[in-house]
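Prediction below, plus the sequence it came from.
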Amino acid sequence: MSGILPHLINALLYAALAYHFWRTRWAHAPHAEPAASLPGAVEHYLVLVPLGLHTTLLTQSVFAGGGLNLGVGNAISAILWLTVLIYWLGNFFYKLEGLQSLVMPVAAVASLLPAVFPSLKPVPNTEFAVFRFHLLISLLAYSLFTIASLHVLLMALLERRLHDGALPQMLERLPPLLAMETLLFRIIWAGFILLTLTLASGIVFSEELFGRAAKLNHKTVFGVLSWIIFAALLAGRHVYGWRGRVAVRWTLAGFLTLVLAYIGSKFVLEVILGKT
């Protein structure tokens, strides 16, 4: 119990913030007095409380025993830790009002996973610099596409609320949907570049370690398929001006394919089959 308690506290802190953001942004009726909210700067820096605890717990879990432990629990937790960190840093430059209500609940669940699904053994071959680079940029790519997926869901919710005439006053201060769409595609472009580097570094790593190109397995197939989906989305945006529901469908399809490429396979191997 003592092992899971700090993770549970971390999850509750994220959940408390999620509830606060939901209550003050989404829960009241249109044109009604919004629930009392803390000053924006206070809310922004309050995120550092669960994020700081998450950093400590994740560091202890990932680097336990002197190795690099990136089982399914630690991997998902690390991706969501990076997602919250990128969101927090991005909030200095972009108005990301409303996204907190989607990021915080997912981070709450992810912060529990290292205790629920501990790593079975350290990741091999981490002595290779190219492999460490590969792991880093793959985690960054996953995090950016997680933000893109949450962002596109937020846009879909806002569009639906606008059509229903039920947008809470506090969210009326958000940028126009077209401006949010522009930000979405900037995030997707950054994630796509990192995904390209991830696939390329994976090939380099395979050739350096095994003397052959990457194996054609489910991870490679789904990874390349997700790259094709995001490439098609960006090309469609540039050539045909894709936006709205088309962008939502392609973004979520690419993200789910990317999840199947790594997280899905690790879940099946480690949790269902009990293998490494």
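Perfect, I can see it now.

Under the pLDDT cut-off, which ranges of the stretch 1-150 of the chain? List them.
1-2, 27-39, 97 (pLDDT under 70).

Check the chain for its longest helix and report it.
Scanning the chain for the helix with the most residues, using DSSP state H, yields helix 129-164.

Buried residues, it. List them.
130-132, 134-135, 137-152, 154-155, 157-159, 161 (16 or more other CB atoms under 10 Å). C-beta coordinates here come from the backbone N, C-alpha and C atoms, glycine included.

ok, now which ones touch Ala190?
Neighbouring residues of Ala190 by CB atoms under 8 Å, 6 or more residues apart in numbering: Leu144.

Secondary structure element holding it?
Using DSSP states H and E, Ala190 maps to helix 177-210.

got the angle for the next helix or strand along the chain from that helix vs helix 177-210?
Next helix or strand after helix 177-210 toward the C-terminus (DSSP H and E): helix 218-240. Here the directions of helix 218-240 and helix 177-210 differ by 140 degrees (axes from the mean of the first three to the mean of the last three CA atoms, to 10 degrees).

Packing partners of helix 218-240?
helix 177-210, helix 244-259, helix 265-266 (3 or more CB pairs under 8 Å, 6 or more residues apart in numbering; DSSP states H and E).

If we use 7 Å, what do you get?
helix 177-210, helix 244-259 (3 or more CB pairs under 7 Å, 6 or more residues apart in numbering; DSSP states H and E).

and the residue sitting nearest the centre point of the chain, what is it in contact with?
Most central in the chain under CA atoms, centre = their mean is Thr146, positioned 3.0 Å from the mean C-alpha point. When contacts are counted by CB atoms under 7 Å, 6 or more residues apart in numbering, Thr146 touches 79, 83.

And it, how far from Ile228?
19 Å (CB to CB, to the nearest Å).

cool, and Val248?
18 Å.

So which of the two has more stuff around it?
Val248 (17 against 12; other CB atoms under 10 Å).

so that one touches His151, yeah?
No: with contact defined as CB atoms under 7 Å, Val248 does not reach His151; the gap is 10.2 Å.

re earlier: now the helix holding Ala190: buried residues?
180-181, 183-185, 187-188, 190-192, 194-195, 197-199, 201-202, 204-206.
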